[in-house]
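>>> got a sequence here, can you build the structure:
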Amino acid sequence: MRTTFIKNLVSAVALASVASVASANVVFSGVSSTSDDYALGVTWSTLARQADINMTVVENGTVAGLRKTALGETDIVAIGAPHYRDAVAGEGAYARDPENLRAKYKDMRVILGMPSGMAQYVVDAKSDIRSFTDFDGKKIGIGRPGGNAGQVSKQLFDLSDIKVDGQHLEYGPALEQLATGSLDGTLVWGSVPNASLDNASRGTKLRFVSLDADTFEKMQGTISNGQYYILQKVPADVIEKAYEGRIETTGDAAQFWTFPWQVMARSDMDEDTVYQLTKTLWENIEKVNDASPALSLINIDDTLNGISAELHPGAARYYREIGKLK
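This is a model prediction of the structure:
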């Protein structure tokens, strides 16, 4: 009799756990309808139905999205790893946030990291520029004045011990000047494919110039929050597919510096729900990768590189199960 009672009790607890996940409604806050994190949310929401989780994807921008998730208005949000540290410290775009909101930021946890925008350096494919140090003595576009990517680029030039005539130009005009020969190369921040590069490559065949690993490691020790930056490899076949051969690489992959976008939730979000979401995503990662060239870069080996907060207990449980964590 006692044994039967215990079995029934265990079954009831298990069913209750499943029911709590089955009845879960989750709101994923993306930056915009064209952003990589939003695309992930849309694909993930389809997969989540396998775990009986109803995920709705909305767009709020980066700053508002983090605030709304911290306040419980949405459940999941993606933010750049260094930007999250800014939010916790009350710096940058979060400088005016009150202390009680910053405390809520500190209580957020990571589910996974994903690549997003990257610093992509391009030249005319006919150019003799093939390595980062080949920029020495050249005129290179480095983005709008005051932009972070341009500031980091200047530091990279210094670390490489090269003299570059950096031109502060928006990406569109820079690519136009590259096509006319007024510039030798330019930085373009974005994902793969990038609309500006796609358009420019239809008139001028381009080549990506990779940053070398040694210079990147020096950069990590030089810039603010450098430990949260990563050197993202993009396979040549992904670039070939994205641009239909109009942009070439040197070697079997291009290397771009960037930082991961970490997909985050509040620490009090139900552990079983986060576990099921994490499990469902990684067990169907091929479908995620097939959704777009940008999402094809998400992989289990690199997903925790450069993250700037603790893992959510539900996500950590899954990563331990598969041996990703000890």
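>>> got the residue ranges for the strands in the stretch 101-250 of the chain?
Using DSSP state E, counting those that start in this stretch, the strands assigned to the stretch 101-250 of the chain run over residues 108-114, 118-124, 139-141, 165-167, 185-190, 206-209, 230-235, 247-248.
>>> got CSV for the ones you listed, with mean pLDDT and mean neighbour count too?
Just so you know, the C-beta spots here come from the backbone N, C-alpha and C atoms, and that holds for glycine as well. Converted to CSV, those look like this (pLDDT from 0 to 100; neighbours: other CB atoms under 10 Å):
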stretch, mean pLDDT, mean neighbour count
strand 108-114, 97, 23
strand 118-124, 97, 24
strand 139-141, 98, 22
strand 165-167, 97, 17
strand 185-190, 96, 23
strand 206-209, 98, 24
strand 230-235, 94, 20
strand 247-248, 98, 20
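>>> can you list these in a markdown table and add distance to residue 32?
Formatted as a markdown table, the strands of the stretch 101-250 of the chain follow (distance: least, CB to CB, whole Å):
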| stretch | distance to residue 32 |
| --- | --- |
| strand 108-114 | 16 |
| strand 118-124 | 18 |
| strand 139-141 | 24 |
| strand 165-167 | 28 |
| strand 185-190 | 13 |
| strand 206-209 | 25 |
| strand 230-235 | 21 |
| strand 247-248 | 24 |
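>>> pLDDT below threshold where in the chain?
The chain contains residues with pLDDT under 70 at 1-23.
>>> quick one: the helices in it?
Remark: helices of the chain, listed N- to C-terminal, are 2-22, 36-48, 62-70, 81-89, 99-106, 148-159, 171-180, 195-201, 213-220, 236-243, 271-283, 285-290, 313-321; assignment by DSSP state H.
>>> go through those and name the closest to residue 139.
Of all these, it is helix 171-180 that lies closest to residue 139, at 8.7 Å by CB to CB.
>>> quick one: contacts of the closest one?
122-124, 141, 143, 167, 169, 183-190, 196-197, 199-200, 203-204 (CB atoms under 8 Å, 6 or more residues apart in numbering).
>>> and the strands of the stretch 101-250 of the chain: which comes nearest residue 316?
Nearest of the strands of the stretch 101-250 of the chain (CB to CB): strand 108-114, 8.6 Å.
>>> show me what that closest one is packed up against.
Judged by 3 or more CB pairs under 8 Å, 6 or more residues apart in numbering; DSSP states H and E, strand 108-114 is in contact with helix 36-48, strand 261-266, helix 271-283, helix 313-321.
>>> report the buried residues of the first one.
This points to helix 36-48. Residues of helix 36-48 classed as buried by neighbour count (16 or more other CB atoms under 10 Å): 36, 37, 38, 39, 40, 41, 43, 44, 45, 47, 48.
>>> quick check: the second one touching residue 78?
Yes. Taking contact to mean CB atoms under 8 Å, the distance of 3.7 Å between residue 37 and residue 78 places them in contact.
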